[in-house]
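# let me see the structure of the following:
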Amino acid sequence: MLSIAKGLLEEEEREQERERTRYMAETCPSVSMPRSMQELQELCKEIHHKIDVIDEERYNLEFKVTKTNKEIDDLKIKVQDLMGKFKKPVLRKVRMSADAMLKALLGSKHTVNMDLRANLKQVKKEAKEEDKELRDVGDWRKNIEDKSGMDGRKKMFEAEA
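Now for the predicted structure:
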């Protein structure tokens, strides 16, 4: 059975080779090198013309392919719209601590402690100078009496400047 398959494969390869040589003989005749400069220029013009024709065909085929791909995509979208809307799966609530979730995601090798309160920095509240001055003023009535009249206003402006 293997020898029969091997023989068929060899015959198929020989057939492909014959087809290839026949096609090359039809489409690509042998090139005869011109002897004069004029013949060489004519050969170049002919080759350029063939290249232009092939480029036009290639461009047209690429355009057709992109157009059909767009049509295929549009038809796929229409089919999906006709089939109906997609149903979203219902998600279950899972009770899991942050540590257990990280352990499940990162694996058992990597242990992370999610005690966020322990990682917080202690911040000391600094009292502002204004607050100290307000505390040092003491009785508010004395402060008003000092600022009343022209002398008090003069003191206020001198203190600010």
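# helices of this protein, start to end?
With DSSP state H, the ranges of helices along the chain come out as 2-27, 37-83, 98-106, 116-119, 129-137, 140-147, 149-160.
# quick one: low-confidence parts of the protein?
85-87, 108-119, 123-161 (pLDDT under 70).
# okay if I get the helices of the chain as a markdown table plus distance to Leu91 and mean neighbour count?
For every residue, glycine as well, the C-beta is placed using N, CA and C. What follows is those, written out as a markdown table (distance: least, CB to CB, whole Å; neighbours: other CB atoms under 10 Å):
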| stretch | distance to Leu91 | mean neighbour count |
| --- | --- | --- |
| helix 2-27 | 54 | 9 |
| helix 37-83 | 23 | 10 |
| helix 98-106 | 15 | 12 |
| helix 116-119 | 26 | 7 |
| helix 129-137 | 52 | 9 |
| helix 140-147 | 62 | 11 |
| helix 149-160 | 63 | 10 |
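# need those helices in JSON lines with distance to Val90, can you?
Converted to JSON lines, the helices of the chain look like this (distance: least, CB to CB, whole Å):
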{"stretch": "helix 2-27", "distance to Val90": "54"}
{"stretch": "helix 37-83", "distance to Val90": "20"}
{"stretch": "helix 98-106", "distance to Val90": "20"}
{"stretch": "helix 116-119", "distance to Val90": "31"}
{"stretch": "helix 129-137", "distance to Val90": "56"}
{"stretch": "helix 140-147", "distance to Val90": "65"}
{"stretch": "helix 149-160", "distance to Val90": "68"}
